[in-house]
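Asker: one predicted model, sequence on top.
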Amino acid sequence: MHPFPHRLPKAALAWLLCAMAGSAGAHDTWFERLPSARPGELRLALGTGNRFPVHEFGVSTASLRESGCRIHTQTPRVAPLKTVRETPHALIVRAQAQPTAAVTCWAQQEPFEVEISPPIVEVYFKEINAPQPVRAAWAEMRARGVTWKERFSKHARIELAGRNRGSPAPQPTPMAMDVLLQSGLQAVRVGDALQFQVLRDGQPLPGLAVELHSDQSPLGFWKQTDAHGRVSFTPPLAGRWVLRGTDLRPSTTVPDTWESRFVTLAFEVASP
């Protein structure tokens, strides 16, 4: 049986259509905080966009493998993310949270499979800042007439600072790809020195290209994780930010195919 059946679920189709548009960040899925009129209720939108910060394609509840929110109180607890509604542009979810507490929410989608043409692969490489070993491996495969076949999964996380005293330490989530804001979960302001750590299967991931992007500027900042999976960054602008990265590598189980994990961390930066 063909390892990549010719079927494209809605989320995979959205990813492919975005990629064909040729715009940077076409594949990313991230969280956005929404206003809520109910005390103690946290509302979020989870969607995919052609370019942060605009969601253009929705996420289905059925596609979620892992999701939840950690409420950082004196006795931390995990609250479920419950679906409010599915829209064409985003999945609207809610969780019960203490208004003054810092909150970490996450969502990992089930893997999807896709085949794309060589020209789109080149756009894809540019969007994720693919490393030279990946490009070289693809060049060898293409020379043999191999079609690009990929199994990809999405991982999204958001950090929401609280008003309680003290800065809780970030904790890993159950996701297979994760990003910790190691500098702490206190309110972030312009000029603060931030440190992030990217994890794959709970272990630091070195050498990954990540981009930090603001909703206030079309320009992103590329960094590469060090030997401990860390990058440092000082935000120059207030607003919403996202750290995005894609770990792309040849499959270890299916010859001549690829596996990728996309990750985003959304956070907010206040004025000095």
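Answerer: Here it is on my side, so go on. This structure is a prediction, so every number in the text was calculated from the model and none was measured.
Asker: those strands in the stretch 101-250 of the chain, which residues are they?
Answerer: The residue ranges that make up the strands of the stretch 101-250 of the chain, judged by DSSP state E, counting those that start in this stretch, are 102-109, 112-116, 148-160, 177-181, 188-189, 194-200, 203-204, 209-214, 220-224, 230-233, 239-250.
Asker: just send those back as CSV, with distance to residue 42 and mean pLDDT too.
Answerer: C-betas here are computed from N, CA, C, even on glycine. Formatted as CSV, the entries for these read as follows, by distance: least, CB to CB, whole Å; pLDDT from 0 to 100:
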stretch, distance to residue 42, mean pLDDT
strand 102-109, 6, 96
strand 112-116, 27, 94
strand 148-160, 7, 97
strand 177-181, 18, 97
strand 188-189, 18, 94
strand 194-200, 22, 98
strand 203-204, 29, 98
strand 209-214, 23, 97
strand 220-224, 27, 96
strand 230-233, 25, 97
strand 239-250, 16, 98
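Asker: now these as JSON lines including distance to residue 73 and mean neighbour count?
Answerer: Shown next, in JSON lines, are the strands of the stretch 101-250 of the chain (distance: least, CB to CB, whole Å; neighbours: other CB atoms under 10 Å):
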{"stretch": "strand 102-109", "distance to residue 73": "9", "mean neighbour count": "24"}
{"stretch": "strand 112-116", "distance to residue 73": "36", "mean neighbour count": "18"}
{"stretch": "strand 148-160", "distance to residue 73": "13", "mean neighbour count": "23"}
{"stretch": "strand 177-181", "distance to residue 73": "18", "mean neighbour count": "25"}
{"stretch": "strand 188-189", "distance to residue 73": "20", "mean neighbour count": "16"}
{"stretch": "strand 194-200", "distance to residue 73": "23", "mean neighbour count": "20"}
{"stretch": "strand 203-204", "distance to residue 73": "28", "mean neighbour count": "12"}
{"stretch": "strand 209-214", "distance to residue 73": "29", "mean neighbour count": "21"}
{"stretch": "strand 220-224", "distance to residue 73": "32", "mean neighbour count": "16"}
{"stretch": "strand 230-233", "distance to residue 73": "27", "mean neighbour count": "17"}
{"stretch": "strand 239-250", "distance to residue 73": "25", "mean neighbour count": "21"}
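Asker: now the helices for this protein?
Answerer: Here the chain has its helices, by DSSP state H, at 10-21, 118-128, 132-143.
Asker: and the shortest one, what other elements does it pack with?
Answerer: Read it as helix 118-128. In this structure, helix 118-128 packs against helix 10-21, helix 132-143, strand 239-250, with contacts taken as 3 or more CB pairs under 8 Å, 6 or more residues apart in numbering; DSSP states H and E.
Asker: ok, and what's touching the second one?
Answerer: When contacts are defined by CB atoms under 8 Å, 6 or more residues apart in numbering, helix 132-143 is touched by residues 118, 121, 125, 148, 248, 249, 250, 256.
Asker: how far away is the fifth one from residue 236?
Answerer: Which is residue 248. Distance, residue 248 to residue 236, using CB to CB, to the nearest Å: 29 Å.
Asker: got any ranges where this protein has weak pLDDT?
Answerer: Counting by pLDDT under 70, the ranges of the chain that qualify are 1-26, 164-167.
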